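Asker: This is the structure alone, sequence omitted:
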């Protein structure tokens, strides 16, 4: 029961984290840039937002974005952010489906629990890879933007990416650890089997070997 609760908690944390990463890569409010100071730029109405896909001008009643479509001319931190976040968004979906189909309440052709645990561990490892890609992207992007443009503040998309990274990291750790522990602590059922003769009555293997030893001694 405890293992099922941990698995369910890990799945929901991973799902929320993956959703946060998808929202982050789909929007462009990663950093808010300013040349003079945030308060001064707000008064002068000269704020700009930057994301992996576009740079946007923010002013009263105006939100206009310029798409950055020239891939070869982009800085390395933008190209890396695009690659890692897109890869994480793609890998996260099959990993979540894999974990969902490994739940104890779902049975696929009487599949043994050991196979489900292995699949859960594999899905948890993929989710940890997604978290690692999100971590690198959400840390490297603001550092690269600061070196390129100077003064800035963090935007909504970057906060969403940070929360998504934390949730996927926690969810992946829970799924991997709880499944590994349940697999290692599972007893072998072969030791509890009994052998039955045609005359009836179950005789443990230890008793059979003892009778053979007595007859050999006589």
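Answerer: Received it, and whenever you're ready, just let me know what you need. Keep in mind it's a predicted model, so treat the numbers as computed, not measured.
Asker: Need the nearest residue in space to the most centrally placed residue in the chain, chain neighbours excluded.
Answerer: Nearest residue to the geometric centre of the chain (Cα atoms, centre = their mean): residue 127, 2.6 Å. What sits nearest to residue 127 in space, not counting adjacent residues and going by Cβ to Cβ, 6 or more residues apart in numbering, is residue 172, at 3.7 Å. (C-beta placed from N, C-alpha, C; glycine too.)
Asker: same thing with residue 129?
Answerer: Nearest to residue 129 is residue 91, by Cβ to Cβ, 6+ apart, at 6.6 Å.
Asker: which residues does that neighbour contact?
Answerer: 126, 129-130 (Cβ atoms under 8 Å, 6 or more residues apart in numbering).
Asker: Of the residues you listed - the most surrounded one?
Answerer: Tallying neighbours with other Cβ atoms under 10 Å puts residue 130 at the head of the contacts of residue 91, with 31 neighbours.
Asker: Could you look up the SS state of it?
Answerer: helix (DSSP: H, G, I helix; E, B strand; the rest coil).
Asker: quick one on the thing from earlier: what residues of the helix or strand harbouring the residue nearest to the centre of the chain count as buried?
Answerer: Here residue 127 sits within helix 113-149, counting by DSSP states H and E. Under the neighbour-count criterion of 16 or more other Cβ atoms under 10 Å, helix 113-149 has 116-117, 119-124, 126-138, 140-142, 144-145 buried.
Asker: Just give the number of residues close to the residue nearest to residue 127.
Answerer: With other Cβ under 10 Å as criterion, residue 172 counts 26.
Asker: Quick check: residue 100 vs residue 73, distance?
Answerer: For residue 100, the distance to residue 73 equals 41 Å [Cβ to Cβ, to the nearest Å].
Asker: which one of those two has more residues nearby?
Answerer: Between residue 100 and residue 73, residue 100 has the larger neighbour count (other Cβ under 10 Å), namely 15 against 8.
Asker: For that one, give its distance to residue 149.
Answerer: Taking Cβ to Cβ, one finds residue 100 at 42 Å from residue 149.
Asker: quick one: the helices in this protein?
Answerer: Remark: helices assigned in the chain by DSSP state H are 2-26, 38-44, 76-100, 113-149, 156-184, 205-217.
Asker: quick revisit: now for the helix holding residue 127, which elements pack on it?
Answerer: Judged by 3 or more Cβ pairs under 8 Å, 6 or more residues apart in numbering; DSSP states H and E, helix 113-149 is in contact with helix 2-26, strand 31-33, helix 76-100, strand 152-154, helix 156-184.
Asker: Sounds good, over and out.
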